[in-house]
Each structure stands twice: as structure tokens, then as C-alpha cells.
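**Student:** sequence and predicted structure are below.
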Amino acid sequence: QVDVVEFGGGSVQAGGSLRLSCVASGNTYCAYERSWYRQAPGKEREFVSSIHTNGNTTYGSSVKGRFTISQDNAENTVYLQMNSLKPEDTAMYYCKTGRSCDGVYLFGWGQGTQVTVSS
């Protein structure tokens, strides 16, 4: 189990920006896959973005070009910079952190942070 805590949600008007942070437990020498997902009411959980310890990033098609994922490996922290926000970005945002260490894979989900974008 990896303990994960998100920070930074809030309310913003369309076109605005927010930055989410997510801190995970565990040794910093391990390999991590840090991801963001979101879930709007009545919808399935949707992949937003991910970043590996080696720096490789992936984005969902709905956020590509507007959101940027980054990390601080020394602090076991991942960030999601969200620009040009749209009302359809309104959702609960969840951080998932997977850790591979000494041949063992563990992962954990945060409790989520709410992002609300008004038109």
C-alpha cells in the first residue's frame, strides 16, 4: 500500500488555472508511476495524465495541450498544472501512485480533491 494525499483543488472560472499536488509515501529511490484520474458525477473514472520516474509522460486526449504533469522525485510529489479550464473539467481528481521497489509493486489512491469550473 502506498499512502497518497492530494492538495490544491478548488473553484475557478472557465479559462482559469489550478495546480494540483500529490504526495506519496515510500522510499525515493524506487521507481514510480504517478497518475491523475478524474470522475465527474454519473460518469466513469477517466485517465488524465501520468508520469514515470524516468520522465515519460502521457495525457488523455481531452486535456492534452492544456494540462501539464510534472514531478519532484526527491519529494515524492507529482503536480498537475491545469490551464484553460473548461466547465467539463469539473470533477473529483484522484492521484494514483504505483511504486516498484526490490521486485515488489504496490500502489495507492488518494481520497480525491474537487475541481469545479464555472462558465
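**Tutor:** Sure, I can see it.
**Student:** so Glu59 sits against Ile69, correct?
**Tutor:** You called it Glu, but residue 59 is Tyr. Yes - in this structure, Tyr59 is within contact of Ile69 by Cβ atoms under 8 Å, at 7.4 Å. C-beta here means a position set from N, CA and C on the backbone, and glycine is covered the same way.
**Student:** so where's the longest strand in this structure?
**Tutor:** strand 91-101 (DSSP state E).
**Student:** partners of that one, with directions?
**Tutor:** strand 31-39 (antiparallel), strand 104-109 (antiparallel), strand 113-118 (antiparallel) (DSSP bridges).
**Student:** if we can go back for a sec, joint contacts of Tyr59 and Ile69?
**Tutor:** Listed as contacting both Tyr59 and Ile69 by Cβ atoms under 8 Å, 6 or more residues apart in numbering are Ser49.
**Student:** need the contact list for the residue positioned nearest the centre of the chain.
**Tutor:** For the chain, the residue nearest the mean C-alpha position is Trp36 (2.8 Å; Cα atoms, centre = their mean). The contact partners of Trp36, taken as Cβ under 8 Å, 6+ apart, are 20, 22, 48-50, 69, 78, 80, 93-96.
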